[in-house]
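*Asks:* Sequence unavailable; structure follows:
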Ligand SMILES: CSC[C@@H](O)[C@@H](O)C(=O)COP(=O)(O)O
Ligand SMILES: [Zn+2]
């Protein structure tokens, strides 16, 4: 595992930050996860990515590379406190998603996943734009909602009868320009573990890699279901106190 506090003093030390036989080492995990996410269609064509915070080290993928082909030697390491790079592969730039990942880490996340899943994009097209900037995907009474945590600092996951709410922000021409509206949505929905980006994809995070991955999988399942429900004319949720089973 990566050193908990020591920052590198030599090139060799910097290499040690990303090289490990341990499959749970963040640089190995990012490469492994991106291969899995590529197979799901989440990070194809260089889009999407994953970042991990381990103590005060942030592990980041390079920008514009085929995310499924990355090697640990491609990974950037940033000091979370100073935001200085402790390891920088010379010919690469860090992911354009870095400020968005940092927004999640600042709020306690241990891992943040960005996907360009077509189900996530389709759901954003099915929820009307709210010019008051509070567009939100809402669904209830679907078993997989239980795969999503109640919120930061809260114990346990949502229940079957809880309503899942995922805010939607508008896309921008450049990834980093999403940061402000992402942070506004994070403040407005402090319990959310995900934010959809219209016509673009989603950011999903969790306290650790396991939670970020399983929440991302649960949400993608729910989005696919929601798109199919919409095609069948089935409602996602009732706006009143009535339960869906009463409709
Ligand atoms: C297909 S380009 C997609 C990028 O603009 C961006 O949206 C993205 O998800 C990945 O950015 P990157 O800088 O390669 O990590
Ligand atoms: Zn993207």
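*Replies:* Okay, I see it. All values derive from a computational prediction rather than experimental measurement. Ligands and ions are numbered 1, 2, ... in the order given.

*Asks:* residue ranges of the helices in the protein, please?
*Replies:* For the chain, the helices defined by DSSP state H cover 11-16, 26-39, 98-106, 118-126, 179-188, 209-231.

*Asks:* Tell me what the spatially closest residue to residue 98 that is not a sequence neighbour is bridged to.
*Replies:* Among residues not flanking residue 98 along the chain, residue 60 sits closest, at 5.8 Å (CB to CB, 6 or more residues apart in numbering). (Glycine included, C-beta is placed from N, CA and C.) Following DSSP bridges, residue 60 is listed with bridge partners residue 76.

*Asks:* Return the per-residue confidence for the nearest residue to residue 16 once chain neighbours are set aside.
*Replies:* Once flanking residues are discounted, residue 16 sits nearest to residue 8: 7.2 Å by CB to CB, 6+ apart. As summarised for this prediction, residue 8 has a pLDDT of 84.

*Asks:* With residue 134 instead?
*Replies:* Reading off the model, residue 134 has pLDDT 81.

*Asks:* Go ahead and confirm it touches residue 165.
*Replies:* No: look at residue 134 against residue 165 with CB atoms under 8 Å: they stay out of range, at 10.2 Å.

*Asks:* check contacts around the residue lying closest to residue 153 once chain neighbours are set aside.
*Replies:* Closest residue to residue 153 apart from its sequence neighbours, by CB to CB, 6+ apart: residue 108 at 7.9 Å. Counting by CB atoms under 8 Å, 6 or more residues apart in numbering, residue 108 makes contact with 152, 153, 207.

*Asks:* Which residue ranges make up each domain of the chain?
*Replies:* 1-95, 118-237 (automatic domain parsing).

*Asks:* which stretch in those has the least confidence?
*Replies:* Among the domains of the chain, domain 1-95 scores lowest, at a mean of 93.

*Asks:* Could you give the separation of it from the chain centroid?
*Replies:* Relative to its parent chain, domain 1-95 has a centroid offset of 15 Å by CA atoms, centre = their mean, to the nearest Å.

*Asks:* again with stretch 205-225
*Replies:* Stretch 205-225 has its C-alpha centroid displaced from the chain centroid by 8 Å (CA atoms, centre = their mean).

*Asks:* shift numbering so it begins at 51
*Replies:* Yes, from this point I'll number from 51; that puts the last item at stretch 255-275.

*Asks:* Show me which positions of that stretch end up buried.
*Replies:* The neighbour-count check on stretch 255-275 (16 or more other CB atoms under 10 Å) flags 255-256, 259, 261-270, 272-275 as buried.

*Asks:* coming back round to it: between residue 184 and residue 215, which has more neighbouring residues?
*Replies:* residue 215 (16 against 12; other CB atoms under 10 Å).

*Asks:* quick one: that one from residue 172, how far?
*Replies:* Distance of residue 215 to residue 172, given as CB to CB, to the nearest Å: 18 Å.

*Asks:* Please apply the same query to residue 200.
*Replies:* Counting by CB to CB - residue 200 and residue 172 are separated by 26 Å.

*Asks:* The closest residue to residue 243 other than its chain neighbours and residue 163, how far apart?
*Replies:* Distance criterion CB to CB, 6+ apart; nearest residue to residue 243, sequence neighbours excluded, is residue 265 at 5.3 Å. Distance, residue 265 to residue 163, using CB to CB: 9 Å.
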